[in-house]
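>>> only the shape, not the letters, is given here:
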């Protein structure tokens, strides 16, 4: 592929060059789109509550200045930033801190967990949508006891605006997400981190496996191949791809080549290894399936799901799929 050959030849190019210099027809592979990168500042009003103060790796500020060189070095041509927490002001904050480099930071997934299902959702959501880089939001915390009519109205508005929803499975169950996907079939939904799987030296939980199989039947539901290190109970997580093959085989069987999307989960990955190791681990599985499938995982599926423009250069050739209208 284009970037692997660059690395082999020892050529080091700036990101701007990668995004603007045409490549030959036989080097038509697109730069990687990483759909799961977090930034945070410890001093923000709500801080970073889910990281222990005793964690020497993660309990520190993480910003684009630290991330950009890593992205360049690993052939990343586009990033979707996912908000790290449920603070409502951080939706705009993530847009602001990445606005200096829209060619790299192509999209922001905010977090509207605290406001969805309330009268406060619509004005805030529509305000955020004024920025075209606001591609959707994440639901990671459940603040309403039931999935109310207002909750579904908010999700219908999300679909109408062409925005997507990331779900962190936990407070929202796979069954509830399936109910949402059925009721609003034109809403684009993606399950973060393999749908909430927990990995260990034991076989996958068969009850969870069946639930994942059921939700994967719904064609508006995608799955992120993300947080591979983070899903393992043991830390540091294994570096042998064979340890991950059961979950990778399962999601590939369930979602197929068109509904899987790559996400690194940087900087959480740093607890086990650097960015290059995460990428190498993922490639160890998908590159064996051939260049078309690998490029779908690392680029094409992300472009389609989040509705972002491809990096400048050769556009991937594929037929855009449409979602059923209600």
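Thanks, I have the structure now. Given the structure is predicted, the values throughout are model-derived calculations rather than measurements.
>>> now do the strands in the stretch 201-326 of the chain.
221-226, 260-263 (DSSP state E, counting those that start in this stretch).
>>> so which of those is nearest residue 135?
Across those, residue 135 has its closest neighbour in strand 260-263 (12.3 Å, CB to CB). Using the backbone N, CA and C atoms, a C-beta is placed for each residue, glycine as well.
>>> buried sites along the closest one?
Neighbour-count burial for strand 260-263, counted by 16 or more other CB atoms under 10 Å, picks out 260-263.
>>> other SSEs contacting that strand?
When contacts are defined as 3 or more CB pairs under 8 Å, 6 or more residues apart in numbering; DSSP states H and E, strand 260-263 sits against strand 32-37, strand 221-226, helix 301-306.
>>> what do you get if the cut-off is 10 Å, keeping everything else the same?
With contacts defined as 3 or more CB pairs under 10 Å, 6 or more residues apart in numbering; DSSP states H and E, strand 260-263 has these neighbours: strand 32-37, strand 76-82, strand 188-191, strand 221-226, helix 245-255, helix 275-286, helix 301-306.
>>> state the mean pLDDT of the first one.
Strand 32-37 comes out with an average pLDDT of 98.
>>> can you tell me the SS state at the closest residue to residue 179 other than its chain neighbours?
Distance criterion CB to CB, 6 or more residues apart in numbering; nearest residue to residue 179, sequence neighbours excluded, is residue 147 at 7.1 Å. Here residue 147 is recorded as coil under DSSP: H, G, I helix; E, B strand; the rest coil.
>>> same deal with the one 10 residues further on?
Of the three states, residue 157 takes helix according to three-state DSSP.
>>> I'd like the numbering to begin with 3 instead of 1 from here.
Got it, first residue is 3 now, which makes that one residue 159.
>>> next one: it relative to residue 119, how far apart?
Distance check for residue 159 against residue 119: by CB to CB, to the nearest Å, it reads 12 Å.
>>> got it, and residue 212?
Counting by CB to CB, the separation of residue 212 from residue 119 is 28 Å.
>>> more neighbours: the two, which one.
Higher neighbour count among residue 212 and residue 119: residue 119, with 23 against 10, using other CB atoms under 10 Å.
>>> could you grab the helix/strand/coil label for the more buried one?
Per three-state DSSP, residue 119 ends up coil.
>>> which element, helix or strand, includes the nearest residue to it once chain neighbours are set aside?
Closest residue to residue 119 in three dimensions, ignoring its sequence neighbours and counting by CB to CB, 6+ apart: residue 153, at 3.8 Å. Using DSSP states H and E, residue 153 sits within helix 151-162.
>>> give the buried residues for that helix.
Buried, per 16+ other CB under 10 Å, within helix 151-162: 153-154, 156-157, 160-161.
>>> which of these sit farthest apart?
153 and 161 (13.3 Å).
>>> quick one: low-confidence ranges for this protein?
Counting by pLDDT under 70, the chain has low-confidence residues at 3-31, 314-328.
>>> at 50 what do you get?
Applying pLDDT under 50 to the chain flags residues 3-30, 315-328.
>>> need the helices for this structure, in chain order.
4-11, 17-22, 66-75, 91-99, 123-130, 151-162, 176-185, 195-198, 208-218, 247-257, 277-288, 293-297, 303-308 (DSSP state H).
>>> ok so, going back, pick out whichever of the buried residues of strand 262-265 sits closest to residue 192.
For these, the nearest to residue 192 is residue 263 (6.6 Å; CB to CB).
>>> hmm, residue 249 is touching residue 198, no?
No: no contact is recorded between residue 249 and residue 198 when judged using CB atoms under 10 Å, the distance being 11.2 Å.
>>> which residues do the two both contact?
Contact criterion CB atoms under 10 Å, 6 or more residues apart in numbering; residues shared by residue 249 and residue 198: 214, 233.
>>> could you check how far the nearest residue to residue 277 once chain neighbours are set aside is from residue 278?
In space, and not counting its chain neighbours, residue 277 is closest to residue 72: 4.9 Å by CB to CB, 6+ apart. Taken as CB to CB, the spacing of residue 72 relative to residue 278 amounts to 8 Å.
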